[in-house]
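Colleague: Just the structure for this:
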Amino acid sequence: MKKRSILKKIALAVIVVIVAVYAAANAYLINYAFVRPSDGDGNDRPSKVLVKNQKWLSKQRTYLWEQRAVGTDIKLKAVYLPAETKTNKTIIVAHGYHGSSYNMASYIRMFHNQGYNVLSPDDRASGKSGGRFITFGWKDRLDYCRWIKQVIKKNGNDSRIGLFGVSMGGATVMMVSGEKLPKQVKAIVEDCGYSSVYDELSTQLTDQFGLPKEPILSTAALFASPFIGYNFAKEGSSVAQLRKNKRPIFLIHGDSDDFVPTSMLQKNYDAVRSTKEKWVVKNTRHANAYYTHPKEYARKVGKFFGKYLD
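Modeller: A predicted model of the protein is given here:
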């Protein structure tokens, strides 16, 4: 009996240790993925082109727009750069993971050169906006609906609006696409966005940590939901939103993308029931299509928006 009692205690101790380690792993994942970084905006080694365009942006006469994040008291901020010649055409630009409007300087300049007004928000827990937890585009989609309304309010009911995003920003505008949008939103371009938050975290869990996605992600989703405002195992799908999209959309992805695997492009593309185009960019890693093919990128994106915003 004494030996059996000892074995029970050992077994219980092992279970407690396993549970503690598992809980710690989930806590680490949540902190790693969703908590705002304290060491900058995600561009430790920006390219020379981006640095050049950031310097250009800093010299432009921009305006600061503000609003509250939907359902919270978080103050959001955005950079607005009007076109040199007055126009009713505006591109709203969504940044990537750990990014900000500052990181989108190359795209802001590209659209400015094409004659558009540009609005570039800082998402929740990003850039100059408030908030502690990154929501991977899912809660941000509601904030972008509010930014759209602000563009219409300030620039007029005859506004013609395009949505554009890269990486997490690409997923964000795809998620926005499934909402009930004003008629002023005419077209969407996304670059290397993921098919869902769950799919992207699954990829990173395997690639970075060599761990299986389950049961870790399902429990992490439950632990994270009070902080980020949703269960990413059940919500946060670009694919589901794209099925409801009614706007023309252009999907771009590098053929050598292993951060957001290129295979996600096809999942997103297949979900679209509206007018659609896609471009698989050769010899291009994640979020580098503009930088590897700048002239072709500007031409293709400009042609697509020009077709639907004119």
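Colleague: Point out where the stretch 151-300 of the chain drops to low pLDDT.
Modeller: For the stretch 151-300 of the chain, no stretch is flagged by pLDDT under 70.
Colleague: so how many other residues sit close to residue 243?
Modeller: Neighbour count of residue 243, defined by other CB atoms under 10 Å: 15. The way it works is simple: take the backbone N, C-alpha and C, and place the C-beta from them, glycine included.
Colleague: Once you drop chain neighbours, what's closest to it?
Modeller: Spatial nearest neighbour of residue 243, excluding adjacent residues (CB to CB, 6 or more residues apart in numbering): residue 271 at 5.1 Å.
Colleague: how near is the one you found to residue 170?
Modeller: Using CB to CB, to the nearest Å, one gets 14 Å for the distance from residue 271 to residue 170.
Colleague: okay, those two: which has more neighbours?
Modeller: residue 170 (30 against 20).
Colleague: Would you agree the more buried one is in contact with residue 93?
Modeller: No: here residue 170 does not reach residue 93: they are 11.0 Å apart, not a contact under CB atoms under 8 Å.
Colleague: list residues touching both of the two?
Modeller: Counting by CB atoms under 8 Å, 6 or more residues apart in numbering, residue 170 and residue 93 have no shared contacts at all.
Colleague: Where do the strands of the chain begin and end?
Modeller: In the chain, the strands defined using DSSP state E lie at 63-68, 75-81, 89-94, 117-122, 160-166, 185-191, 249-254, 276-281.
Colleague: Which secondary structure elements does the fourth one sit against?
Modeller: In other words, strand 117-122. When contacts are defined as 3 or more CB pairs under 8 Å, 6 or more residues apart in numbering; DSSP states H and E, strand 117-122 sits against strand 75-81, strand 89-94, helix 105-113, helix 140-155.
Colleague: same for the last one, what does it pack against?
Modeller: This points to helix 140-155. Using 3+ CB pairs under 8 Å, 6+ apart, helix 140-155 sits against strand 63-68, strand 89-94, strand 117-122, strand 160-166, helix 168-177.
Colleague: would you turn those into JSON lines with distance to residue 302?
Modeller: Listed next are those as JSON lines, based on distance: least, CB to CB, whole Å:
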{"stretch": "strand 63-68", "distance to residue 302": "24"}
{"stretch": "strand 89-94", "distance to residue 302": "10"}
{"stretch": "strand 117-122", "distance to residue 302": "13"}
{"stretch": "strand 160-166", "distance to residue 302": "10"}
{"stretch": "helix 168-177", "distance to residue 302": "17"}
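Colleague: neighbours of the residue nearest to residue 129 when sequence neighbours are not counted, just the number please.
Modeller: Spatial nearest neighbour of residue 129, excluding adjacent residues (CB to CB, 6+ apart): residue 122 at 4.0 Å. The number of residues packed around residue 122, counting by other CB under 10 Å, is 23.
Colleague: how far away is residue 122 from residue 76?
Modeller: Residue 122 sits 7 Å away from residue 76, going by CB to CB.
Colleague: which neighbours do those two share?
Modeller: Counting by CB under 8 Å, 6+ apart, the residues touching both residue 122 and residue 76 are residue 129.
Colleague: can you tell which of the strands of the chain is closest to residue 214?
Modeller: Closest to residue 214 of the strands of the chain is strand 249-254 (CB to CB; 26.1 Å).
Colleague: contacts for that closest one?
Modeller: Strand 249-254 is contacted from outside by 170, 174, 177, 187-193, 242, 260, 262, 264-265, 268-269, 272, 274-281, 284-289, 292, 297, 300-301, 304, using CB under 8 Å, 6+ apart.
Colleague: Span of stretch 158-174 from start to end?
Modeller: Start-to-end span of stretch 158-174 (CA to CA, to the nearest Å) is 23 Å.
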